[in-house]
Structures are given as C-alpha cells and as structure tokens.
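# got a sequence here, can you model it:
(2 chains)
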Amino acid sequence: MPDPQPSDDALLRSLAERDLGALAALYDRYGRLAYSLAYRILGESESAEDVVQDAFLSAWRGATGYRRERGNPRAWLLSIVHHRAVDILRRKTTFRPAPLEAAELQPGDEDTAVSAERNVEHKTVRDALEGLPPAQRRTIELAYFGGYTHVELSELMGVPLGTVKGRMRIGLQKMRRVLERTR
Amino acid sequence: MNEHVIDDLDAYALGALTETDAERVAAHIAECSPCRAEAAALAEVVSTLPDAVPSREPSAALRDRLLAAARAGAVVGRRPSPVPWSLGRVRLSRVGLAALVAAVVVLGAVDLDAYRRLDTAASERNDLYATLEGLRQGGRWWYMAGKDAFAGAGGTLVDPRADGYAPFVLFHDLPPVASGKVLTVWLVSPDSTWARAASFHPNGRDLQAVPITMEVSGFDRCAVTLEDSSWGARSGQVVMESRIATAPTPAVP
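Model (predicted):
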C-alpha cells in the first residue's frame, strides 16, 4: 500500500520518474504557499499564477537534477518560485512592492479553520522575523520580497554595502537560531 | 578553487545578488563543500520566509492547467488534441501552435513576430515539446536540465532524423550571461572527445532555438558550458547536460 503522506524527498523521486500523481501531490502541498509568495512579490494574481505554474513545471522537468545537498525539496521549489517572481519584478523597473508591514494590511483569503491550523506553524516564522531589529528585518524583506540586490539596498538605505551584508548575515543567523529552537 | 564566498552567501540565499555575482557564487559552492553546506542551511532559513506572508488561494483552474501542461509534456509522440486552449489573452488551437512552432523552430524560419507570440505562450511551453515530437514522429529528443545558476532553465536537443532538417536545441528560460561569456553546446563521444556543436548568446526571450552544426549520431552525451570564447577546447563550467545515445526519449504510456 502506498504511503498516504509521502515525504517531500519521496515526491521528488517520483517526479523524476514522471509520476503525475507526485506532481499533483506536490502542488497540493505547496501550491498555496508558492502562490502566496509569488503574489506577495508581484502584487497581482495573473502573473503570480503564471509564476507558480512555471515553477512547478520547471520542477517537473528538472527533478532529475535536484540534489538534496543543495537544500530540501521545499527550499528548492520555493527558490524557483522566488527566482522567477523576482526576475519578472526586476523587469518592471518602476514598481517594487512595499515591505511586509504594508502587505500585512492586505488580508489573505484563507478560511478561518485552515488559517488557524497554519497560523500555529507560521506564527513562529512571523515572530522570528518580527523579533529582528528593524534595520535587519527591513533589509531582509526588501531583498527577498522586494527583489533588491544588496548593492541596490546599499544605495536605497544610504549605508555601506558591508552594512547591508552584515544586516543580512546577522538577521538570518538570528532567525536560524530561533527556528532551530522551536523544532 | 576560488576564494570562499561566505561573505555573499546570505545575499545569495535571499536572491539579492546580480546574475553575475550569483553565477560566481554558484560556481564556487558547486566545488566547495563547506560553502555548499552553509548555502543549503541558509536556503532552508530563507525558505521559511513565505510563511510570514498572508496566505492566498490560487484559482482552482491553476491546478488543472499545471497538470494538463505536464501531462502534455509527458505524453510524447501522441497526436495533439485540436481542442482550443488558452494562452493568456491569445487563443490558439494546438494545431495552430504546432504550425507556429514548425515555422519558427523546425523549419528554421526565425520570425520575430512569431517569437513574440511564443513568449506569450511561455506558460504552456511544456506543450511545445510534445508538439515538436508530434511533428517529428520518428525523431528523438533529450532534455537537459539547467543546474546551479541555470536552475530553472533547460534545453531540448531535437534530432529530427529526417532529410532536410538539422538537429537543434530548443532552450527555455536562459538567464543572461556576463559580457565576454558565450554558451556552447557540445556533443561528447564515448571516448570523451568534446565536439563544439554551436556557440551563442541568450537572446533574453523565454524560448530560443539554436541549430546544431553536426549529426548527433555517434555521440553519447550532450552538454552546455559557459565559455570565454566561441572557439577552442572546452574549459568552462557545465551548466546543463544529458546522456543521448543510451537513453533515448522515453515512451510514456
């Protein structure tokens, strides 16, 4: 009897064997998260859906090239989504979304029951991010959600490049420690 | 080995490097185990950031479109359905798209307007492979998945095996390359001789067809490298590759 809840690694192995059921399962597991990320970066649904479809098709085609040592399947998949969304964003030179504070003013559309369950696990990440000093948090948000390069951030924030790198490093290390403690 | 890139790994994980810098970092971590491990750990931290954004539901149709596109890409050699399908604002029948692809790629007629329309069709590009295969029944193809800085990109080597049609590679999603760099397609013989089949620069479009200047038969591997020159022996990093002789296009039931 097949495992009703295959691991992400198992799904990627099945993907590499051209198992469409595995693609469907992977989408059911991460499609909403991937779309939320793409929407957060791009700010509109049509482009966000294109990015998600492209990213999952890319995973479908490229699963044989996936290497676990480069990161877990979730990180790999979301990195594809992120890369594609930011690529589109960077082509739009006149618009960059605001940092997370503004995004949080826009309600999500999750129903209450699902939201309550997911919020338990997602609250940890939000707390870890919100627990950072404002400069570190803003640097990470503008880089990841705003698509700014570290050189652009140096100019935007009026600080040396080394300061931007330092804020990224210290901020991510703090988040890493917080997340490790909660696992 | 190059200098360690620990200073740039955080920006790399956040996607906050230029393409050139990201390529440099990717090339380093491909060879450096400690930096690779650190990059993977940072990637996992960064992959939690999407949990911090408001959750949104994509349309139910997205799942269907995704699976249909994957299915069409998997079922090679099957005759395409004449059912019209959406390409964003443009609606083409699969037969129409097949003709478009044939005009642009298979017959080598590089038409800018057709290429623009192919860009519009980018989200359905997986279907193109099935379409190409349908057009070239009896031909063969092999997919090369991009890696490292070329992750998400790829190329399909198509060997039409028909009079008057030369092999070509249909690339998708190629990132720009640094000034002075050139992408090179190689065919590799069983005795590990690398033969240069084409050199080119990415054109910035979602799809790019590159003709191959030699027969595919007799080689057992194809690869794409990032080179400093469009002539001479291979010296650059392999960004995508595939075995070709011993693993022909699988027949998916």
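
# same for whichever strand or helix holds B:Leu226, what does it pack against?
Using DSSP states H and E, B:Leu226 sits in strand B:221-227. Here strand B:221-227 touches strand B:140-146, strand B:182-188, strand B:194-200, strand B:237-243, going by 3 or more C-beta pairs under 8 Å, 6 or more residues apart in numbering or on different chains; DSSP states H and E. In short, each C-beta sits where N, CA and C put it, glycine included.

# which residue ranges make up the domains of chain B?
Chain B breaks down into these domains under automatic domain parsing: B:6-51, B:57-137, B:139-253.

# and the gap between the nearest residue to B:Ala198 once chain neighbours are set aside and chain A?
Excluding the flanking residues, the one nearest B:Ala198 by C-beta to C-beta, 6 or more residues apart in numbering or on different chains is B:Val185, at 4.4 Å. Counting by C-beta to the nearest C-beta, to the nearest Å, the separation of B:Val185 from chain A is 17 Å.

# hang on, B:Val185 packs against B:Ile212?
Yes: contact criterion C-beta atoms under 8 Å: B:Val185 and B:Ile212 qualify, at 6.5 Å.

# spit out the contact partners of A:Pro134.
A:Pro134 makes no contacts at all, as judged by C-beta atoms under 8 Å, 6 or more residues apart in numbering or on different chains.

# give me the pLDDT value at it.
As predicted, A:Pro134 sits at a pLDDT of 93.

# how close does it sit to A:Ile140?
11 Å (C-beta to C-beta, to the nearest Å).

# and A:Tyr39, by the same measure?
Counting by C-beta to C-beta, the gap from A:Tyr39 to A:Ile140 is 19 Å.

# show me the contacts for the residue nearest to B:Ala198.
B:155, B:157, B:169, B:196-200, B:210, B:212, B:222-224.

# tell me where the stretch 1-150 of chain B has strands.
Counting by DSSP state E, counting those that start in this stretch, the segments of the stretch 1-150 of chain B that form strands are B:85-87, B:90-92, B:140-146.

# what about the longest one, average pLDDT?
Along strand B:140-146, the predicted confidence averages to a pLDDT of 79.

# flag the shaky bits of the stretch 51-200 of chain B, pLDDT-wise.
Filtered on pLDDT under 70, the stretch 51-200 of chain B yields the residue ranges B:72-139, B:160-166.

# which single residue in it comes nearest to chain A?
Residue nearest to chain A within the stretch 51-200 of chain B: B:Pro54 (3.2 Å; C-beta to the nearest C-beta).

# count the residues that sit near that residue.
18 (other C-beta atoms under 10 Å in any protein chain shown).

# ok, now A:Arg91?
9.

# for it, give me the pLDDT.
pLDDT recorded at A:Arg91 is 75.

# if I look at it, how far off is chain B?
A:Arg91 is 10 Å from chain B, by C-beta to the nearest C-beta.

# can you pull the contacts of that residue?
Counting by C-beta under 8 Å, 6+ apart, A:Arg91 has no contacts.

# can you give me the helices in the stretch 51-200 of chain B?
Assigned by DSSP state H, counting those that start in this stretch, the helices in the stretch 51-200 of chain B fall at B:60-74, B:94-101, B:112-120, B:125-135.

# typo on my end, it should be chain A
Per DSSP state H, chain A carries helices over the ranges A:8-16, A:20-42, A:45-62, A:73-91, A:100-105, A:112-130, A:134-144, A:150-157, A:161-181.

# between helix A:45-62 and the fourth one, find me the angle.
It stands for helix A:73-91. Orientation check (axes from the mean of the first three to the mean of the last three C-alpha atoms, to 10 degrees): helix A:73-91 against helix A:45-62 gives 130 degrees.

# overlap in contacts of B:Val185 and B:Ile212?
Common neighbours of B:Val185 and B:Ile212 (C-beta under 8 Å, 6+ apart) are B:Leu157, B:Val169, B:Ala197, B:Ala198.
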